[in-house]
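Enquirer: give me coordinates for this.
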Amino acid sequence: MRPSRRQIIAAAYAGACMTACMPALAQVPPDEALAAAPQAQAGTQVYLPQDFAAFGPRTALDMVQQLPGFVIEGAGVVVQTRGLGQATGNVLLNGERLASKSNSVSDQLARIPAANVLRIELVEGATLNIPGLSGRVANIVATSTDGLQGQFEWRPQLAAEYSDHRLLDGIVSVSGTSGALSFTVAAEGRPFRNGNGGLNRITYGDGRIEDLFSVTRSRGDDTRYSASARYATSGGLIANLGSSYLLRRFRNVEDETLIAPLGLPSAIEAIRATNRGHDFEIGGDLDFDLGPGRMKLIALSNFARAQSVNQVVLDPATGEASLGSRFDQFSETGERIGRAEYSWAMLGADWQLSTEGAFNRLDRVGSLFFLSPAGEFDGAPLPFGSGGVRERRFETLLSYSRPITGNLSIQLIMGGEYSSITQTGNDALSRTFQRPKGSISVAWAPAEGLDISLKIEKRVGQLNFGDFLAAVNLADANENSSNNQLRPDQNLGGELEVSNNFGDWGSATLRGFYRRFKDFVTIIPTSTGGEARGNIDEARIMGLEFSGTLRLDPLGMAGARFDAAAQLRDSRFIDPVAGGYIPMQFPQPHNFEIDFRHDVPDTDFAYGGGYRETGHNPYYRVREFGSDFNIAQNLQVFVEHKDVFGLTVQARLGNILEREAVRERFVYAGPRGSSPLAFSEYRVREIGKVLSFNVKGSF
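Expert: Just a heads-up that it's a prediction; the model follows:
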């Protein structure tokens, strides 16, 4: 039976006694925690609380962000992985993975008070008995003390040129312990305020030009309540339980007014979009001794409901009836996962046998309407816009980890998965897949401070079930047809990572990677002349990523540092429309960022700034291609004081160069490459400078 709205909200608030959301900290005295936590491997870099004192950290996130040469993978992003799987990312808490389907790593670290952190270890992931990890990993060793601890962060942003003020962005959390039980509850507001305006020029194939002035304002209000609890006994039993509830509200208003050629009626196109819904997740795990090893049982269930309305109305300003269309969509998605991991030591190695079962579902109803001369929206056929998708998946993996020498270790993972995908509705179909999975990782520390890791891995991708059904983009006049033949992609690749600690000067990491895809998912033409998300035979991506920290203390500027990060990526696949090679849309071809921070010695004052430049690949559809990006170059500065009536206060001014939101698209009368140009569109919208504040405190 589906839970009611009242039950869902009640469960989220009651989750204080209920981790998939975030492991709570065990109630262990500091000395015992230091001894009980996973011990540092040879070559591990250990950072103690005093190493971060100059930054005045409030949370574990503040500390990890200051680790030299270290960048949190997927910081601030909720990663949509396939099931739970083995460990991913590069952050651990007391030797355990931060597992959640609804909370990012940054969100989870922001709820751990800095006072609870005993040390942070930078260690090579492949040397740990945690299958799936490789490269540099930050292991946060933390504990909690009796009583309650509270902390908050407020992140207001003043309105830029066309947007509204964002005043209710922030989080408040309370952590506590009672004997063997520890818990954390949190409430967070993530409002979204955005706006831009500017010229939009449309050039038609016959040479005609129209200029429009566009103004867009977006307003979103996401509110999340989460809770987690942990119970650890002296006999080694560990239980985690957690829940989260997210309420979503979003509205976008866009108006375009014709301003040229002069003399024509000032037609106005009004675009409106709303999205309302909620997400709910509950899960937990139980870890205990069993025979010669330990068993870990994990369960997770999440549910989401969303209702969106997208509407476009054109008023020709000639006295004639308005033209318009509307696309409504109601969706319910769910996922249930059960996973078991049994770990033991044998023959000088660490072993783990894991099995996982997952059930995913999507139910969606899509409706299309057109505005009648009477001013009413009348329904129109959209036969493949409604239906359901179900996937049942089972995975089994065996891992083997052992040191070869004192500075060389290896990890092998072998297994596979079985899945069945069933689509209901007008395009009903059922299919099954069997896919091998696995990896080999080698970690080598040839010298003090130098770590080298190599990983070769076979993965299976996660499909977006919405791609199976038809959908309409009214703003761009595009439609995706349904496709019941979609297959999960498979990809095989490797990565080589080299990290070096330069002592007082800082640290640097260089990573190279290569990955080849089979059954890559992209937009393809259909046999009926339309377009849909579908599979092509092959694609590949490769690149280099660098992150590093240069401390200026040895040069006489105590407390000052530069942090730099750079990525170069090259991707390609055969264009299913025009032939030849085109790049993937989302991997950015290049990104460069450099930040400067100076914590002035013997004061509570800090200042700095940074510059980021990002490249963007074009997008491709059957009848169009183009580019769409915001603020390609961003220059920002900040000032910070760490004791304003006991609070840390930072002011930051961004987009000093006042870079715009830019969109360029080329739309053809038929398939691009073989059809004449229907029109091109070039849009530049001003955003303005962005002034934001950050206030952190404890209670």
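Enquirer: distance check, P601 against D62.
Expert: Distance, P601 to D62, using CB to CB, to the nearest Å: 19 Å. C-betas here are computed from N, CA, C, even on glycine.
Enquirer: can you pull out the low-pLDDT segments for this structure?
Expert: Scanning the chain for pLDDT under 70 picks out the ranges 1-43, 74-81, 87, 99-103, 145-146.
Enquirer: re earlier: P601 and D62: which is more packed in?
Expert: Neighbour count, other CB atoms under 10 Å: between P601 and D62, D62 has more, with 20 against 12.
Enquirer: got the domain ranges for this protein?
Expert: 1-219+234-263, 340-489, 552-699 (automatic domain parsing).
Enquirer: any idea which of these gets closest to G319?
Expert: When these are compared by CB to CB, domain 340-489 sits nearest G319, at 12.7 Å.
Enquirer: how long is that closest one from one end to the other?
Expert: 25 Å (CA to CA, to the nearest Å).
Enquirer: now do the strands in the stretch 151-300 of the chain.
Expert: Per DSSP state E, counting those that start in this stretch, the stretch 151-300 of the chain carries strands over the ranges 170-178, 181-204, 209-232, 238-260, 268-290, 293-315.
Enquirer: same list (these) but as JSON lines, adding mean neighbour count.
Expert: Listed next are these as JSON lines, based on neighbours: other CB atoms under 10 Å:
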{"stretch": "strand 170-178", "mean neighbour count": "19"}
{"stretch": "strand 181-204", "mean neighbour count": "19"}
{"stretch": "strand 209-232", "mean neighbour count": "19"}
{"stretch": "strand 238-260", "mean neighbour count": "20"}
{"stretch": "strand 268-290", "mean neighbour count": "18"}
{"stretch": "strand 293-315", "mean neighbour count": "18"}
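Enquirer: would you list those strands in CSV and tack on distance to E391?
Expert: Converted to CSV, the strands of the stretch 151-300 of the chain look like this (distance: least, CB to CB, whole Å):
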stretch, distance to E391
strand 170-178, 34
strand 181-204, 29
strand 209-232, 26
strand 238-260, 23
strand 268-290, 18
strand 293-315, 14
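Enquirer: nearest to S698, of these?
Expert: strand 170-178 (10.3 Å).
Enquirer: roughly how far is that closest one from the heart of the chain?
Expert: Distance, stretch centre to chain centre, for strand 170-178: 24 Å (CA atoms, centre = their mean, to the nearest Å).
Enquirer: between that strand and strand 181-204, how many degrees?
Expert: Going by axes from the mean of the first three to the mean of the last three CA atoms, to 10 degrees, strand 170-178 is angled at 160 degrees with respect to strand 181-204.
Enquirer: strand partners of strand 170-178, parallel vs antiparallel please.
Expert: strand 147-154 (antiparallel), strand 181-204 (antiparallel) (DSSP bridges).
Enquirer: what inclination does it have with respect to strand 209-232?
Expert: Using the same axes, to 10 degrees: strand 170-178 against strand 209-232 is 10 degrees.
Enquirer: what's next to strand 170-178, contact-wise?
Expert: For strand 170-178, the surrounding residues in contact (CB atoms under 8 Å, 6 or more residues apart in numbering) are 24-25, 27, 110-113, 116, 144-155, 182-189.
Enquirer: can I get the domains of the chain in JSON lines including distance to L300?
Expert: What follows is the domains of the chain, written out as JSON lines (distance: least, CB to CB, whole Å):
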{"stretch": "domain 1-219+234-263", "distance to L300": "5"}
{"stretch": "domain 340-489", "distance to L300": "9"}
{"stretch": "domain 552-699", "distance to L300": "27"}
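Enquirer: what subset of the contacts of strand 170-178 is buried?
Expert: By neighbour count, with 16 or more other CB atoms under 10 Å, these hold 24-25, 27, 110-113, 116, 144-145, 149, 151-155, 182-189 as buried.
Enquirer: re earlier: need the strands paired with strand 170-178 in JSON lines (columns: distance to F288).
Expert: Formatted as JSON lines, these follow (distance: least, CB to CB, whole Å):
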{"stretch": "strand 147-154", "distance to F288": "28"}
{"stretch": "strand 181-204", "distance to F288": "17"}
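Enquirer: wait, S144 sits on S182?
Expert: Yes - at 5.4 Å, S144 counts as touching S182 under the criterion of CB atoms under 8 Å.
Enquirer: surely A187 touches S244?
Expert: No - here A187 does not reach S244: they are 10.7 Å apart, not a contact under CB under 8 Å.
Enquirer: so what sits against both of the two?
Expert: With CB under 8 Å, 6+ apart as the test, A187 and S244 both reach R224, Y225.
Enquirer: helix or strand for the residue lying closest to R392 once chain neighbours are set aside, which one?
Expert: Nearest residue to R392, sequence neighbours excluded (CB to CB, 6 or more residues apart in numbering): S420, at 5.0 Å. Element membership of S420, judged by DSSP states H and E, is strand 408-425.
Enquirer: that strand pairs with which strands, parallel or anti?
Expert: strand 387-405 (antiparallel), strand 429-447 (antiparallel).
Enquirer: report the buried residues of it.
Expert: S409, I410, Q411, L412, I413, G415, E417, S419, I421, T422, Q423, G425.
Enquirer: pretty sure V684 is touching E658, no?
Expert: No - in this structure, V684 is not within contact of E658 by CB under 8 Å, at 11.5 Å.
Enquirer: next up, the contacts around A317.
Expert: Contacts of A317 (CB under 8 Å, 6+ apart): P265, S266, A267, I268.
Enquirer: quick one: secondary structure of it?
Expert: coil (DSSP: H, G, I helix; E, B strand; the rest coil).
Enquirer: try A126
Expert: With three-state DSSP as the criterion, A126 reads helix.
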